[in-house]
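Colleague: sequence unknown, structure follows:
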């Protein structure tokens with residue numbers, strides 16, 4: 001079902017455009033890039049945000065969310081047209097040689113969901129039971145993926161607040177060193193840059209990643225719905241042409 005992933009140029013262009021706009025605006029105003037680089041502010045915002053997300057998320061969900069972030073630049077390549085052709089081919093085979101003739105195809109398939117459905121077909125499972133089993137697995141997978149994607153949404157919610165916390169800490173540092181002008185600049189810099197990091201990471205990184213992952217998950221769900229509908233139709237012995245016409249409706 002999944003082809004080799006290709007880089008999503010929209011994501012690359014988007015993140016580059018955002019960075020160029022911010023850095024370019026800073027330079028046009030006469031500022032320096034170095035003034036936006038504050039290790040203390042970055043540590044406060046990133047450390048606080050990651051800690052908050054870890055606190056609310058199971059480790060398995062957190063780690064899966066981190067792994068899924070690669071989809072932003074290398075999304076799973078799903079082709080509904082290719083999948084439908086494959087389903088129609090299985091339909092022709094089952095009508096000509098029986099459902100058991102699909103057994104050799106099970107060993108060729110790599111996608112776990114597709115393999116399970118094809119195996120149930122080859123075993124002669126009842127269409128209603130086949131739909132029930134696959135829909136349960138589909139719902140479980142979708143739920144897990146959406147929970148994992150939500151860690152980025154949560155990070156987008158926490159980061160601005162942690163940025164404000166970093167700003168307050170910077171101002172506290174300033175107040176503690178009012179008698180030493182040499183230390184005032186660093187404290188004020190941490191205060192403002194921490195806010196920039198919090199708001200910037202939330203709106204340019206975390207929330208866009210969360211929304212991109214949701215979109216990819218929605219596409220994956222449609223692919224699985226096509227599979228389930230196709231497998232059930234084959235189990236019911238429906239005409240391949242009728243199956244093709246119905247499945248084509250998923251991506252019109």
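Modeller: Noted; the coordinates are in hand. From a predicted model like this one, the values you see are computed outputs, not experimental measurements.
Colleague: Looks to me like residue 143 is in a strand.
Modeller: No. Counting by DSSP: H, G, I helix; E, B strand; the rest coil, residue 143 falls outside a strand, being helix.
Colleague: Please report how far it lies from residue 59.
Modeller: 17 Å (C-beta to C-beta, to the nearest Å). For every residue, glycine as well, the C-beta is placed using N, CA and C.
Colleague: ok, for the residue most central in space within the chain, nearest residue in space, not its chain neighbours?
Modeller: In the chain, the centroid-proximal residue (C-alpha atoms, centre = their mean) is residue 213; its distance is 2.5 Å. Once flanking residues are discounted, residue 213 sits nearest to residue 149: 3.9 Å by C-beta to C-beta, 6 or more residues apart in numbering.
Colleague: Kindly tell me how buried the one you found is, as a neighbour count.
Modeller: By other C-beta atoms under 10 Å, the residues close to residue 149 number 25.
Colleague: okay, it: pLDDT?
Modeller: The model reports residue 149 with a pLDDT of 96.
Colleague: how close does the residue nearest to the centre of the chain sit to residue 122?
Modeller: In terms of C-beta to C-beta, residue 213 sits 34 Å off from residue 122.
Colleague: check contacts around the residue nearest to residue 213.
Modeller: 65, 68, 210, 213-214, 217 (C-beta atoms under 8 Å, 6 or more residues apart in numbering).
Colleague: Quick check: it is in a helix.
Modeller: Yes. The assignment for residue 149 by three-state DSSP puts it in a helix.
Colleague: the strands in the stretch 1-150 of the chain, which residues?
Modeller: Applying DSSP state E, counting those that start in this stretch to the stretch 1-150 of the chain gives strands spanning 2-3, 77-78.
Colleague: starting at the chain centroid, how far to the last one?
Modeller: Yep, that's strand 77-78 we're talking about. The chain centroid and the centroid of strand 77-78 are separated by 14 Å under C-alpha atoms, centre = their mean, to the nearest Å.
Colleague: Next, the buried residues of stretch 70-80.
Modeller: 71-73, 75, 78, 80 (16 or more other C-beta atoms under 10 Å).
Colleague: Over to stretch 133-147?
Modeller: 134, 137-138, 141, 145, 147.
Colleague: ok, now stretch 212-221?
Modeller: Of all the residues in stretch 212-221, those buried under the rule 16+ other C-beta under 10 Å are 212-214, 216-217, 220-221.
Colleague: Pull the most distant pair out of those.
Modeller: Spatially, the most separated pair among those is 212 and 221, at 15.2 Å (C-beta to C-beta).
Colleague: ok, and what's touching stretch 212-230?
Modeller: The contact list for stretch 212-230 (C-beta under 8 Å, 6+ apart) reads 1, 11, 68-69, 71-72, 75-76, 78, 80, 83-84, 87, 90-91, 113-114, 117, 131, 134-135, 138, 141-142, 145-146, 148-149, 152, 243, 246-247, 250-251.
Colleague: Please, where are all the helices along this protein?
Modeller: Secondary structure of the chain, counting by DSSP state H: helices at 9-28, 39-56, 59-68, 80-97, 103-108, 112-122, 127-176, 181-201, 207-235, 240-248.
Colleague: Leaving out sequence neighbours, find the closest residue to residue 150.
Modeller: residue 210 (7.0 Å).
Colleague: pLDDT score for the one you found?
Modeller: For residue 210, pLDDT reads 96.
Colleague: ok so, going back, from the buried residues of stretch 70-80, which shows the smallest pLDDT?
Modeller: residue 78 (77).
Colleague: related to what we said a few turns ago, I'd like to know how far the residue nearest to residue 213 sits from residue 129.
Modeller: Taking C-beta to C-beta, one finds residue 149 at 31 Å from residue 129.
Colleague: Look at residue 92 and say how many residues are nearby.
Modeller: So residue 92, with other C-beta under 10 Å, has 11 neighbours.
Colleague: Cool, thanks, talk later.
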